[in-house]
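Chemist: Just to be clear, the model below is a prediction. Sequence and coordinates:
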Amino acid sequence: MNPIEVIELEHGLHQLRVSRFGAHLLSWHYQGKQQLWLSELADLSGTKPIRGGVPLCFPWFGDLQPGPSHGFARTSLWQLHEQGSDKLIFRLTESDATLALWPHRFEALLCIELEQHSLSLSLTVRNTDQHPWSFSGALHSYFAVDDVNQCQLPAIQGRYHHDKLSGQRLQFDTARVPVPVDSVVPDLHEMTFDAFTLRHHGADATVVWNPGLAVAAKMADVDPASSHRFLCLEAAIAMTPIRLAPGQTHELRQCIDMGA
Ligand SMILES: O=P(O)(O)OC[C@H]1O[C@H](O)[C@H](O)[C@@H](O)[C@@H]1O
């Protein structure tokens with residue numbers, strides 16, 4: 001059996017491929033053109049995070065030792081909860097494996113929804129436990145670009161950001177995306193990029209990431225020759241974790257509007 005069971009959805013101008021492993025959006029064609037980058041060297045064995053597409057970071061963003069980078073959601077097998085002509089909903093709840101890493105009961109639903117000219121991803125997290133807990137996370141989208149070194153992101157110009165590469169608070173001088181880049185940009189929730197507009201809800205920052213050639217060359221699942229072909233623009237809870245009381249929910253959403 002293929003460990004990466006893939007669900008396909010075709011609706012209007014869109015075609016999607018989503019893996020149950022990680023509820024991971026692997027491919028999105030809009031008007032016949034691929035919008036996401038998936039590494040040629042992505043590990044599709046169902047044992048490691050998949051490089052590219054849209055990984056889900058939950059219940060934490062980044063490192064939380066001794067747990068895995070970006071949490072366990074992207075390496076868990078999700079259930080296909082609902083399938084409609086224009087949407088897919090995946091569901092994940094706690095298991096012995098997740099409780100060993102993070103001792104809290106939860107329900108997470110990932111809804112991928114298509115409208116005529118847009119795609120939205122929404123991760124709704126519910127505390128199903130008896131005690132409050134906190135989480136962070138991200139919708140870690142890898143957008144396909146011709147050359148990241150030429151990318152413009154007008155919304156960043158003049159903005160302060162936490163530069164994870166230097167550990168400093170810096171300001172972007174121009175709209176040109178620097179490479180390498182690993183920046184947490186607080187309160188950036190709407191931006192135009194390439195042919196589309198991104199809108200984030202339930203996030204406290206947008207994370208902008210491309211490792212650049214030197215770091216990519218050390219990554220097992222990125223071919224350095226194609227490391228310039230993506231830019232990650234992530235709807236992230238990366239500043240302050242969200243605290244949920246029993247029964248409470250939080251929705252983290254990224255809407256990608258092709259604006260035609
Ligand atoms: O290699 P991964 O665990 O998938 O993380 C990939 C990247 O994710 C985010 O963008 C972080 O800000 C980066 O610091 C990290 O390198």
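Modeler: Yep, that arrived.
Chemist: For the top strand by length along the chain, which strands pair with it and how are they oriented?
Modeler: Longest strand in the chain by number of residues (criterion: DSSP state E): strand 230-244. According to DSSP bridges, strand 230-244 forms sheet pairs with strand 133-144 (antiparallel), strand 205-210 (antiparallel).
Chemist: Quick one: mean pLDDT over it.
Modeler: Mean pLDDT, strand 230-244: 98.
Chemist: got the buried residues for it?
Modeler: 230, 231, 232, 233, 234, 235, 236, 237, 238, 241, 242, 244 (16 or more other C-beta atoms under 10 Å). (C-beta placed from N, C-alpha, C; glycine too.)
Chemist: In this structure the fourth one contacts residue 194, no?
Modeler: No: in this structure residue 233 lies outside contact range of residue 194 using C-beta atoms under 8 Å: 10.1 Å.
Chemist: overlap in contacts of the two?
Modeler: residue 143 (C-beta atoms under 8 Å, 6 or more residues apart in numbering).
Chemist: and the buried residues of strand 230-244 near the ligand, which?
Modeler: Counting by C-beta under 6 Å from any ligand atom, 232, 234 from these sit close to the ligand.
Chemist: Among the buried residues of strand 230-244, give me the pair with the biggest separation.
Modeler: Greatest spatial distance in these: 230 and 244, 32.0 Å, computed using C-beta to C-beta.
Chemist: can you count the residues close to the closest residue to the ligand within the stretch 1-150 of the chain?
Modeler: For the stretch 1-150 of the chain, the residue closest to the ligand is residue 69, as judged by C-beta to the nearest ligand atom, at 3.6 Å. By the criterion of other C-beta atoms under 10 Å, residue 69 has 13 neighbours.
Chemist: what's it in contact with, if anything?
Modeler: Residue 69 neighbours (C-beta under 8 Å, 6+ apart): 49, 62, 63.
Chemist: could you redo the last one with a cut-off of 7 Å?
Modeler: 62, 63 (C-beta atoms under 7 Å, 6 or more residues apart in numbering).
Chemist: can you check residue 162 too?
Modeler: So residue 162 contacts 169, 183, 184 (C-beta under 7 Å, 6+ apart).
Chemist: again, only this time at 8 Å
Modeler: 168, 169, 183, 184, 186.
Chemist: can you list the residues of the stretch 51-200 of the chain near the ligand?
Modeler: 69, 70, 164, 182.
Chemist: From those, which land in strands?
Modeler: Reading strands off these with DSSP E, I get residue 182.
Chemist: Most neighbours out of the residues of the stretch 51-200 of the chain next to the ligand, which is it?
Modeler: residue 70 (23 neighbours).
Chemist: Just give the nearest non-adjacent residue to it, would you?
Modeler: Excluding the flanking residues, the one nearest residue 70 by C-beta to C-beta, 6 or more residues apart in numbering is residue 57, at 3.8 Å.
Chemist: quick one: stretch 13-33 near the ligand?
Modeler: No: applying C-beta under 6 Å from any ligand atom, one finds stretch 13-33 separated from the ligand by no less than 11.2 Å.
Chemist: how about that stretch: buried residues?
Modeler: 14-28, 30.
Chemist: For the spatially most central residue of the chain, give me its contacts.
Modeler: In the chain, the centroid-proximal residue (C-alpha atoms, centre = their mean) is residue 140; its distance is 1.8 Å. Contacts for residue 140 (C-beta under 8 Å, 6+ apart) come out as 54, 55, 56, 57, 70, 207, 232, 234, 236.
Chemist: how about the helices of this structure, start to end?
Modeler: 96-101, 212-216 (DSSP state H).
Chemist: could you dump those to a markdown table with mean pLDDT and mean neighbour count?
Modeler: As requested, these are arranged in a markdown table below (pLDDT from 0 to 100; neighbours: other C-beta atoms under 10 Å):
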| stretch | mean pLDDT | mean neighbour count |
| --- | --- | --- |
| helix 96-101 | 97 | 12 |
| helix 212-216 | 97 | 15 |
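Chemist: which one of these lies closest to residue 144?
Modeler: helix 212-216 (15.5 Å).
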